[in-house]
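Engineer: Curious how this folds, go ahead:
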Amino acid sequence: MARLSGLQREVLSLYRKCLREARKKPVEARNNFKDFARTEFRKNLSVSKKDFAAIEYLLRKGHRQLEMYSSPGIRNIAR
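Structural biologist: Residues are numbered from 1 along each chain as shown. Presented below is the predicted three-dimensional model:
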């Protein structure tokens with residue numbers, strides 16, 4: 001298996017954090033959080049691996065969203 005670049009590792013790390021955070025949510029809402037994360041990552045599959053500015057922007061946006069949805073007050077998410 002090929003070695004991953006730093007940005008690729010960051011993207012995978014963010015994805016894992018999103019899925020871990022979904023496990024902390026109420027049972028009935030977990031699938032909504034997982035589906036939301038999967039959808040957001042799939043939306044950006046077409047971004048070129050060489051478009052570092054776009055990837056870094058999306059990583060920052062993803063971290064902000066994760067921080068917001070990690071709040072204990074957020075109990076569910078609309079699709």
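Engineer: Centroid-nearest residue for this protein?
Structural biologist: Tyr15 (4.3 Å; C-alpha atoms, centre = their mean).
Engineer: pretty sure that residue contacts Phe41?
Structural biologist: Yes. Using C-beta atoms under 8 Å, Tyr15 is in contact with Phe41, at 5.9 Å. Glycine gets a C-beta too; all of them are placed from N, C-alpha and C.
Engineer: Could you point out which residue ranges in this protein have low pLDDT?
Structural biologist: Across the chain, the ranges flagged by pLDDT under 70 are 1, 79.
Engineer: residue ranges for the helices of it, please.
Structural biologist: 6-22, 27-43, 52-69 (DSSP state H).
Engineer: Can I get those helices in TSV including distance to Arg75?
Structural biologist: Output for these, formatted as TSV (distance: least, C-beta to C-beta, whole Å):
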stretch	distance to Arg75
helix 6-22	12
helix 27-43	6
helix 52-69	10
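Engineer: nearest residue to His63 other than its sequence neighbours?
Structural biologist: In space, His63 comes closest to Leu14 once its chain neighbours are excluded; the distance is 6.6 Å by C-beta to C-beta, 6 or more residues apart in numbering.
Engineer: Could you measure from the one you found over to Arg42?
Structural biologist: Distance, Leu14 to Arg42, by C-beta to C-beta, to the nearest Å: 14 Å.
Engineer: ok, those two, which is more surrounded?
Structural biologist: Between Leu14 and Arg42, counted using other C-beta atoms under 10 Å, the more crowded position is Leu14 (18 against 9).
Engineer: how close does the more buried one get to Lys50?
Structural biologist: 19 Å.
Engineer: and the nearest residue to Pro26 once chain neighbours are set aside, backbone torsions?
Structural biologist: What sits nearest to Pro26 in space, not counting adjacent residues and going by C-beta to C-beta, 6+ apart, is Arg75, at 5.8 Å. Note on Arg75: its backbone torsions stand at phi -100, psi -20 [degrees, to the nearest 10].
Engineer: Share the number of residues neighbouring Arg75, please.
Structural biologist: 10.
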